[in-house]
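In: Give the three-dimensional model of this entry:
(chains A, B, C and D)
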Protein chains: 2
Amino acid sequence: MPASIEDVAKKANVSISTVSRVLNRRNIVNDKTRKRVEIAIRELNYRPNVFARGLMLQQSNILGLVLPDLHGEFYSEIIRGANNKAHDLGYQLMVSSVGGKNDGHSVLSAVSNHGLVDGIVVMVSEIDSKAKKTLAGVTTPFVVLDGQVDRVNHDSVVIDQRHGAEEMMKHLIEDRHAKNIVFVGGPKTNIDTIDRLAAYRETMRQSSLDVDSKDIYHLDFSYEKAFDLGIEKVKEWAESEAFIFAANDEMAAGIIDAAIEKNISVPEEIRVVGFDDTRIAIMTRPRLTTVHVPMSSMGAQAVELLCQRLKEPERPPVKITLHSNLVIRESCGTSRGASIY
Amino acid sequence: MPASIEDVAKKANVSISTVSRVLNRRNIVNDKTRKRVEIAIRELNYRPNVFARGLMLQQSNILGLVLPDLHGEFYSEIIRGANNKAHDLGYQLMVSSVGGKNDGHSVLSAVSNHGLVDGIVVMVSEIDSKAKKTLAGVTTPFVVLDGQVDRVNHDSVVIDQRHGAEEMMKHLIEDRHAKNIVFVGGPKTNIDTIDRLAAYRETMRQSSLDVDSKDIYHLDFSYEKAFDLGIEKVKEWAESEAFIFAANDEMAAGIIDAAIEKNISVPEEIRVVGFDDTRIAIMTRPRLTTVHVPMSSMGAQAVELLCQRLKEPERPPVKITLHSNLVIRESCGTSRGASIY
DNA sequence: AGATTGATTGAAAGCGCTGTCAATTACGAT
DNA sequence: ATCGTAATTGACAGCGCTTTCAATCAATCT
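Out: Next up is the predicted model:
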């Protein structure tokens, strides 16, 4: 139904080769003929068929983005960043989620081996050996986002969570004189949780503070679970003058709300901090002291890196590190340089 | 580089036709040959080339999702719903945003005329004549999501915002005895704003309440702008015993926080309600009375409708209406059947 | 004028796959 | 054995595009 290159050629009274040339390397065709062809193209509303083109060129100008999940602002910001950058660079983005009902590996291989996408940005939140093996089998160029794929010699963009987390811990300990810090993390196997917890332990050790394993909780990053935990523990925490370091803003919000529910005031009686610096952080009262993670940049940088790789397949792998940093608001005591939003 | 159908044929000692047959209609080929071919396929790790296939079949199994924006939970939930459904039905999803730097029309036409996607879900938040014209030029099957594309005879899924909004207004007026309701909407041309405002006006009229045009504000759906407005107006609103009907939860949250900032208590001094029932609604204190909009269903249903259309191109257009409904929490007075989350 | 060059164009060979149609084979019936 | 029929397979023509490679033509040079 749609016009083909042949239709254009007939209409413009040239061969399809010529049409193809004005499409791809317009400069090498005579001005007059080019004009004729261009008019024909416009009149027929002609668009090259992606498949035919892809078949010849073996490329689609489509990039894949594979995420562990699509839930929450974290991922949606990554998508946004990736999508904008992709468009800027002339690519389309295909988003897939590995979580939920979809079997992760099947999705990944669908996106990749398909041969459809020119490259993939993969975000793996839980690196197990299976995931590594899957990754190893992927023939399409890809970059790893925020996954510590150890020893895998690949392009990657990671956030230096350690830095932000340590900054936060130091703030709690040095500026706020915290003695007792409770860590509320996501699942044990989750990469971000592992990193943030490592920073927690390390800083505690450096400051000669004991870490009681009872002070470490593994939830699922959700407001609800954190709220429930808060309801149960918040009194106890208040008595022990605890600081709560939640591994994301949502859980921090849940704990704050639990405190309010239990008539425990924040930051006077307990202090709560978050991670990610999502919009939630400015919507809680008090606003969250948290660690800013450049979410949309992550997506954008990963796409950019991927495109560079596509241009220079032989280039040695690059690792881009994005920095996270402390943002002080009010959920952890009188602010020093607090930002309103 | 990757194995082609010919490689498989050679390896299995059959013709490419036979390989193609085992790929597509396995039953019509002899068991023994089929086994041979299957082994060859596995050994070569063969995957049919999407482009070649697409070229023949003129279909890609890719669906496009075009959104006005990618910002915020509303869209991310739609993506999630659409993505899951698409996968369930054997499709891949390609997401595009029309907002931001991307010129909307170019994106739309890129996604559509490209011929890449088999169908599109388009969400248009601001229907102007230009948008309509663009839509009219799209040859790929598409369904319109949440856009009142008047008189355009198309598959569409819309939310019955009117219903939810009216329910809300009635709740305010009848149960809460509101006399003075302020409407805080998004941009004037935004479809959702238009609908919600219409319901507002209509209910006010029915209840013989005056609507002062000074009580209608058009912001941009953001927390920040609403917060600023709140800071300015909240005292005044408290004095006039106003109810604030915000057109989304984010703005409602902004206003509540402004009230807190100004030491005005919610819901005692002013009452604020939202729209959408995003996660924000349970994170504010007090929690938001709001209108629940089935966001992820919207995405899912739109995709499902689109796939049906692809199967039956000649079927008369279908319009699916999703219902929105009032969710009573605490931001508007003592709750009657309030839910905790 | 005849030859050489460069600019411009067209013809045709695929890219990897599907589907049509004809050819081959197997097998039971005559 | 011979035939008819059904089951199975292969040859080949495209799908719409890019890209050599050769052909054409005008312009320049000897």
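In: Please make it C-alpha for all contacts and neighbour counts, starting now.
Out: Will do.
In: measure the closest residue to A:I328 other than its chain neighbours to DNA strand C for me?
Out: Residue nearest to A:I328 in three dimensions, not counting chain neighbours: A:T289, with 4.5 Å by C-alpha to C-alpha, 6 or more residues apart in numbering or on different chains. According to C-alpha to the nearest atom of the strand, to the nearest Å, A:T289 stands 54 Å off from DNA strand C.
In: So A:T289 is in contact with A:V273, correct?
Out: Yes. Shown here, A:T289 and A:V273 form a contact pair, counting by C-alpha atoms under 8 Å, at 5.1 Å.
In: joint contacts of these two?
Out: The contact sets of A:T289 and A:V273 overlap at A:S331, A:C332 (C-alpha atoms under 8 Å, 6 or more residues apart in numbering or on different chains).
In: so where's the stretch 101-250 of chain A uncertain?
Out: By pLDDT under 70, the low-scoring segments of the stretch 101-250 of chain A are A:101-114, A:126-132, A:147-152.
In: Quick check: the residue of it nearest DNA strand D.
Out: Across the stretch 101-250 of chain A, the shortest distance to DNA strand D (C-alpha to the nearest atom of the strand) belongs to A:L116, at 15.1 Å.
In: Need the three-state assignment for that residue.
Out: Three-state call for A:L116 (DSSP: H, G, I helix; E, B strand; the rest coil): coil.
In: contacting residues around the most centrally placed residue in chain A?
Out: Central residue of chain A (C-alpha atoms, centre = their mean): A:I78, 4.2 Å from the mean position. Taking C-alpha under 8 Å, 6+ apart, we find A:I78 in contact with A:M295, A:S296, A:S297, A:M298, A:G299, A:A300.
In: can you tell me how far the fifth one sits from A:D88?
Out: Yep, that's A:G299 we're talking about. 13 Å (C-alpha to C-alpha, to the nearest Å).
In: So between those two, which is more surrounded?
Out: A:G299 (29 against 13; other C-alpha atoms under 10 Å in any protein chain shown).
In: In terms of helices and strands, where is the more buried one?
Out: Using DSSP states H and E, A:G299 sits in helix A:295-311.
In: A:E250 now?
Out: Element membership for A:E250 (DSSP H and E) is helix A:249-261.
In: which secondary structure elements does that helix contact?
Out: helix A:223-239, strand A:243-246, strand A:271-273, helix A:280-283, helix B:280-283 (3 or more C-alpha pairs under 8 Å, 6 or more residues apart in numbering or on different chains; DSSP states H and E).
In: sec struct for the residue of the stretch 151-300 of chain A found nearest DNA strand C, please.
Out: With C-alpha to the nearest atom of the strand as the measure, A:H154 is the residue of the stretch 151-300 of chain A nearest to DNA strand C, at 26.4 Å. Secondary structure, three-state DSSP: A:H154 is coil.
In: so what's it closest to, chain neighbours aside?
Out: Nearest to A:H154 is A:P317, by C-alpha to C-alpha, 6+ apart, at 5.2 Å.
In: contacting residues around that neighbour?
Out: Each residue near A:P317 by C-alpha under 8 Å, 6+ apart is listed here: A:N153, A:H154, A:D155, A:S156.
In: Then A:Q59?
Out: Contact analysis of A:Q59 by C-alpha under 8 Å, 6+ apart lists A:R53, A:L116, A:V117, A:D118.
In: thought the third one was touching A:Q58?
Out: Spelled out, it's A:V117. No. A:V117 is beyond contact range of A:Q58, at 9.8 Å (criterion: C-alpha under 8 Å).
In: quick one: which of these two has more around it?
Out: For A:V117 versus A:Q58, neighbours defined as other C-alpha under 10 Å are more numerous around A:V117 (23 against 17).
In: Tell me who's in contact with that one.
Out: Going by C-alpha under 8 Å, 6+ apart, A:V117 touches A:Q59, A:S60, A:N61, A:I62, A:L63, A:G64, A:V111, A:T140.
In: wait, what's in contact with A:I159?
Out: With C-alpha under 8 Å, 6+ apart, A:I159 has these contacts: A:D146, A:V293, A:M298, A:T321, A:L322, A:H323, A:S324.
In: Whichever strand or helix holds it vs helix A:295-311, what angle?
Out: Assigning secondary structure by DSSP H and E places A:I159 in strand A:156-160. Here the directions of strand A:156-160 and helix A:295-311 differ by 150 degrees (axes from the mean of the first three to the mean of the last three C-alpha atoms, to 10 degrees).
In: Sheet-wise, list the partners of strand A:156-160 with their directions.
Out: strand A:142-145 (parallel), strand A:319-323 (parallel) (DSSP bridges).
In: so how far is the longest one from its chain's centroid?
Out: Taking the mean C-alpha point of strand A:319-323 and that of its whole chain, the gap between them comes to 13 Å (C-alpha atoms, centre = their mean, to the nearest Å).
In: List the buried residues for that strand?
Out: A:K319, A:I320, A:L322 (16 or more other C-alpha atoms under 10 Å in any protein chain shown).
In: pretty sure the first one is touching A:N153, no?
Out: The one in question is A:K319. No. Contact criterion C-alpha under 8 Å: A:K319 and A:N153 do not qualify, at 9.4 Å.
In: For DNA strand D, what's the nearest residue on the stretch 201-341 of chain A?
Out: Counting by C-alpha to the nearest atom of the strand, the stretch 201-341 of chain A gets nearest DNA strand D through A:K311, at 14.8 Å.
In: Just give me the neighbour total for A:R26.
Out: So A:R26, with other C-alpha under 10 Å, has 14 neighbours.
In: right, and it touches A:K35 too?
Out: No. Applying C-alpha under 8 Å as the test, A:R26 and A:K35 come out as separate, 10.3 Å apart.
In: Could you list the contact residues of the stretch 1-150 of chain A toward DNA strand C?
Out: By C-alpha under 7 Å from any atom of the strand, the residues of the stretch 1-150 of chain A that approach DNA strand C are A:13-18, A:28-34, A:52, A:55-56.
In: rewinding a little: next, the contact list for the residue of the stretch 101-250 of chain A closest to DNA strand D, please.
Out: By C-alpha under 8 Å, 6+ apart, the neighbours of A:L116 are A:Q59, A:S60, A:I62, B:N49, B:V50, B:F51.
In: ok so, going back, kindly provide the distance from the residue nearest to A:H154 to chain B.
Out: Look at A:P317 and chain B: by C-alpha to the nearest C-alpha, to the nearest Å, they are 22 Å apart.
In: cool, A:N30 as well?
Out: 27 Å.
In: how about that residue, phi and psi?
Out: For A:N30, the backbone dihedrals (degrees, to the nearest 10) come out as phi -50, psi 140.
In: circling back: backbone dihedrals for the residue nearest to A:I328, please?
Out: phi -80, psi 130.
In: Please name the residues that touch it.
Out: A:V272, A:V273, A:G274, A:A281, A:L326, A:V327, A:I328, A:R329, A:E330, A:S331, A:C332.
In: Just the buried ones among those residues, please.
Out: Buried by 16+ other C-alpha under 10 Å: A:V272, A:V273, A:G274, A:A281, A:L326, A:V327, A:I328, A:R329, A:E330, A:S331, A:C332, out of these.
In: want to throw these into a markdown table with pLDDT and distance to B:N190?
Out: Formatted as a markdown table, those follow (pLDDT from 0 to 100; distance: C-alpha to C-alpha, whole Å):
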| residue | pLDDT | distance to B:N190 |
| --- | --- | --- |
| A:V272 | 97 | 38 |
| A:V273 | 97 | 37 |
| A:G274 | 97 | 34 |
| A:A281 | 93 | 27 |
| A:L326 | 95 | 37 |
| A:V327 | 95 | 34 |
| A:I328 | 95 | 36 |
| A:R329 | 94 | 34 |
| A:E330 | 91 | 35 |
| A:S331 | 93 | 36 |
| A:C332 | 91 | 39 |
